[in-house]
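> Requesting a structural model of the entry that follows:
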Amino acid sequence: GAQLLGFIQVDPIKWEYVKPYLLYIFFFSTGVYCNMRSLSISNVETVIVFRALSPIIVAFMDALCLGREWPSQRSWAGLIILVLGAYGYASFDEKFQTQGYSAYFWPSLYTIVIASEMAYGKRIVKSVPLKTKSGPVIYTNLLGFVPMLMLANVSHEYGKFWEFFWANEKYRLPPMSVFLLVLGSLVGTGIGYSSWWCREMVSATSFTLIGVMNKCLTILLNVMIWDQHAQPGGIFCLFVCIAGGMIYQQAPMKGERKTVPTGITAEDEEFKTDINKEVHDDDEEAVELLDRSNAAKRRG
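From the prediction side, this is the model:
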């Protein structure tokens, strides 16, 4: 309606654009399912550790498939520090220490799927010629609607909703619940727009790293607000994760990195500039003397 009235511009729904986004929705929905299964057999700390591994996998995909240079030594150090910090945070949880290897299958699969989603998301941003910022949001929300309904059924969300709906005869839907639902929808819409805008601006590795840093900051904020405080060592490891993210530097596209010859310093460049200037001045003086000599010969 807003498009027909001329208020906003909306990208049309085309099959040639739908096809690449269908694969993205597959990765996204599979990642959500793997995350649900991971949380059902392990704890949040385990998922955080495996999620922190995803930027390293995406860094390889960036270099091999998306035309980026390999990360610098500083960037590799930042990614490794991030993983160590996440592992350190999880190690302070007793459940993480007592889990067997069988609990790591779904988190491992979740890491691989989320890394594939991040790399492919960057690829379609570059390859699918949508004209507006709302285009990717519309395509992902439209195509992801049915898979999300199916996942809600798998997790028995409909039954939980009806139990809650009939639990209170006075308020079928309390006003606060309606407010939180509307607020969550608005925030979710903002996240959709900002994430696709951010994905367009930075590399796939940087975008994945931003997601991991966001989870670390969310945990830190939860510790500051609620009563479920982590141990001091765990809080310190969260700051280690943040430090690792700050150390990382985005790798340039292949061919954009400037190479500086070895042995050349700023002083050498200034010296060369001075020499060139002196040679240029000497040439001008020689030309001026030659002109004077020719003029004197003509008068003679």
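> my guess is Ala251 meets Gly67, correct?
No. Using Cβ atoms under 8 Å as the test, Ala251 is too far from Gly67 to be in contact (10.2 Å). All C-beta spots, glycine's among them, are computed from the backbone N, C-alpha and C.
> out of those two, which sits in the more crowded spot?
More crowded of Ala251 and Gly67, by other Cβ atoms under 10 Å: Ala251, with 20 against 13.
> That one should be in a helix, yeah?
No. Judged by DSSP: H, G, I helix; E, B strand; the rest coil, Ala251 forms no part of a helix; its state is coil.
> Is it correct that Ala59 is in contact with Pro71?
Yes. Between Ala59 and Pro71 there is a contact under Cβ under 8 Å: 5.3 Å.
> From Asn141, how far out is Leu181?
16 Å (Cβ to Cβ, to the nearest Å).
> So between these two, which is more surrounded?
The residue with more neighbours, out of Leu181 and Asn141, is Asn141; 15 against 11, by other Cβ under 10 Å.
> Asn222: neighbouring residues, count only.
By other Cβ under 10 Å, 12 other residues sit near Asn222.
> Okay, it and Gly234: tell me how far apart.
12 Å.
> okay, and the common contacts of Ala59 and Pro71?
79, 205, 251 (Cβ atoms under 8 Å, 6 or more residues apart in numbering).
> Let me have those in a markdown table, adding distance to Trp162 as columns.
Formatted as a markdown table, the shared contacts of Ala59 and Pro71 follow (distance: Cβ to Cβ, whole Å):
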| residue | distance to Trp162 |
| --- | --- |
| Leu79 | 45 |
| Thr205 | 43 |
| Ala251 | 50 |
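> What is the nearest of these to Met36?
When the shared contacts of Ala59 and Pro71 are compared for distance to Met36 (Cβ to Cβ), Thr205 wins out at 25.6 Å.
> Do I have it right that Ser127 meets Lys19?
No. At 11.3 Å, Ser127 and Lys19 do not qualify as touching, with contact defined as Cβ under 8 Å.
> For this protein, which segments count as helices?
In the chain, the helices defined using DSSP state H lie at 15-41, 44-65, 73-91, 94-98, 105-127, 134-154, 157-165, 175-201, 204-225, 232-247, 266-299.
> how about those helices, which one is nearest Glu256?
When those are ranked by proximity to Glu256, the top entry is helix 44-65, at 13.6 Å, counting by Cβ to Cβ.
> Perfect, I'm done here.
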